[in-house]
Structures are given as structure tokens and as C-alpha cells.
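Q: got a sequence here, can you model it:
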Amino acid sequence: MGCMTCCNVCSFTHEGEFNPGRARLKIYMEPFSGEVEGEVLESCDLCGGKPECIRWCPVGALKYA
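A: Below you'll find the model as predicted:
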């Protein structure tokens, strides 16, 4: 979807501010196809096993496996 809710929630949870640039995951949209891809950075600890990014995703695009 690419709404960036996950990145905003992540940065607020860990950094205390809504700033996707400080999130522990990155979301990219391919400009030609519109396909959205995500990348989890090494600094991500999955919120201790209860990832807030997944909890707050409005469309269920993220999965914890």
C-alpha cells in the first residue's frame, strides 16, 4: 500500500517522533510498476516480539513469521 503508517509508528515507538526517516524499517515504491517493497533494518528488534508496525498496519500488509 505504501501509506507509511508502519514507519511512523516505528519511529514514534522508538524515537518519540513521527519521522519515517528514523524508522527501523524502510518502505520503497517501484516507480514504474507501483509495487511496494519493505526492508527491515538490523536495528529492528521486532518490539520484543510484538511488532507495533504489524499491529497498526491498516491493511494487514505486514506479517510476522
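
Q: which residues of this structure fall in helices?
A: 5-15, 52-56 (DSSP state H).

Q: closest to Tyr28 out of those helices?
A: Closest to Tyr28 of these is helix 5-15 (Cβ to Cβ; 11.1 Å). Where C-beta positions appear, they are placed from N, C-alpha and C, glycine not excepted.

Q: can you list contacts of the helix or strand bottoming out on mean pLDDT in the chain?
A: Among the helices and strands of the chain, strand 36-40 carries the lowest confidence by mean pLDDT, DSSP states H and E, at a mean of 89. With contact meaning Cβ atoms under 8 Å, 6 or more residues apart in numbering, strand 36-40 is reached by 1-2, 6, 24-30, 61-62.

Q: select, out of the helices of the chain, the one closest to Leu41.
A: That would be helix 5-15 among the helices of the chain, by Cβ to Cβ, at 9.7 Å.

Q: pipe the contacts of strand 36-40 into TSV and attach neighbour count per row.
A: Putting those into TSV (neighbours: other Cβ atoms under 10 Å) gives the following:
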residue	neighbour count
Met1	13
Gly2	13
Cys6	26
Arg24	21
Leu25	19
Lys26	14
Ile27	20
Tyr28	11
Met29	11
Glu30	9
Ala61	16
Leu62	17
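
Q: let me have those residues in CSV, adding pLDDT and distance to Leu46 as columns.
A: Putting those into CSV (pLDDT from 0 to 100; distance: Cβ to Cβ, whole Å) gives the following:
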residue, pLDDT, distance to Leu46
Met1, 68, 21
Gly2, 81, 21
Cys6, 95, 12
Arg24, 96, 9
Leu25, 94, 10
Lys26, 94, 15
Ile27, 92, 17
Tyr28, 90, 20
Met29, 89, 23
Glu30, 89, 26
Ala61, 89, 16
Leu62, 89, 11
